[in-house]
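> Okay, structure incoming, though there's no sequence with it:
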């Protein structure tokens, strides 16, 4: 045990994770205050809808962009701005809670730039896969594909750790299996879109990218798997 009284017994949240969560919260706060007429004047009531129309991709929009072979910057920008837009406060709150929880664990191992890379790469790939499989005008919004990317990174860390201990490394995928099961149940009883496609793609992106951006990367993971395979 450290004798330094200034050392916190709890590792702080990574600043980049706090920053991501803070931006999401502030944007949602502005939407809510605007909808209540507390800021922005009469036009603020439609801030959320306007932002989604301007800064979130839809399956149909992505399909048309790929078919045309043209990639306007204003459309590409949507792939990194949609994670900061949510349907409502509850939608944002769940995303932020998971982001902070998973981001803390992954941030204890990953460098700050790796956290950002995983989050945004998962968001981008999630949106692309969503566009390829969902032909709809419904916009993709929310931080969930990026958050699932961090869950993929967390799963990678569990996978390597279990392999090092000689345990069943496939137990690392219990979390993603449980989350997808909950989504299916929720969709069956309450209805829902196909956002889970983007979430699953985000998870796969985060898991795969971790072989490159985690400390030790692929060589460490390969050594563990070979040792216990």
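Thanks, I have the structure now. These figures come from a predicted structure and were not determined experimentally.

> center of the chain, which residue is that?
residue 146 (1.6 Å; CA atoms, centre = their mean).

> So that residue versus residue 81, what's the distance?
12 Å (CB to CB, to the nearest Å). For the C-beta atoms, the positions are set from N, CA and C on the backbone; glycine is no exception.

> Then residue 177?
30 Å.

> likewise residue 181?
30 Å.

> Between those two, tell me which one has more neighbours.
residue 81 (16 against 10; other CB atoms under 10 Å).

> Give me the local confidence score for the closest residue to the more buried one other than its chain neighbours.
The shortest distance from residue 81 to any non-neighbouring residue, by CB to CB, 6 or more residues apart in numbering, is to residue 55 (4.1 Å). You'll see residue 55 listed with a pLDDT of 97.

> now swap in residue 204 and tell me
So residue 204 comes in at 96 (pLDDT).

> okay, now it: neighbour count?
Residue 204, neighbours per other CB under 10 Å, totals 18.

> likewise residue 25?
Neighbour count for residue 25, taken as other CB under 10 Å: 15.

> Now it: closest residue in space, sequence neighbours ignored.
residue 96 (6.3 Å).

> Over to residue 58?
residue 139 (4.8 Å).

> What of residue 112?
Leaving aside its sequence neighbours, residue 112 sits nearest to residue 16 (CB to CB, 6+ apart; 4.8 Å).

> what about the helix or strand the one you found falls within, distance to the chain center?
Residue 16 belongs to helix 15-35 when assigned by DSSP states H and E. Helix 15-35 sits 15 Å away from the centroid of its parent chain (CA atoms, centre = their mean, to the nearest Å).

> Show me what that helix is packed up against.
Packing partners of helix 15-35 (3 or more CB pairs under 8 Å, 6 or more residues apart in numbering; DSSP states H and E): helix 47-55, helix 89-107, helix 112-133.

> again, 10 Å this time
If contacts are counted by 3 or more CB pairs under 10 Å, 6 or more residues apart in numbering; DSSP states H and E, helix 15-35 sits against helix 47-55, helix 89-107, helix 112-133, helix 144-165.

> by how many degrees do the third one and helix 144-165 diverge?
Read that as helix 112-133. 120 degrees (axes from the mean of the first three to the mean of the last three CA atoms, to 10 degrees).

> Report the buried residues of helix 112-133.
114-131 (16 or more other CB atoms under 10 Å).

> which strands and helices sit next to it?
helix 15-35, helix 59-68, helix 78-81, helix 89-107, helix 144-165, helix 195-213.

> same question, the first one
Helix 47-55 makes packing contacts with helix 15-35, helix 78-81 when contacts are defined by 3+ CB pairs under 10 Å, 6+ apart.

> and the first one, what's its mean pLDDT?
Translated: helix 15-35. Here the average pLDDT along helix 15-35 is 97.

> before we move on, the earlier item: flag every buried residue along the helix holding residue 16.
16-18, 20-21, 24, 27-28, 30-32, 34-35.

> ok, now which ones touch residue 45?
Residues near residue 45 by CB atoms under 10 Å, 6 or more residues apart in numbering: 31, 34, 35, 36, 37.

> is it true that residue 156 touches residue 210?
Yes: judged on CB atoms under 10 Å, residue 156 makes contact with residue 210 at a distance of 3.7 Å.

> between those two, what contacts are shared?
106, 109, 110, 118, 221.
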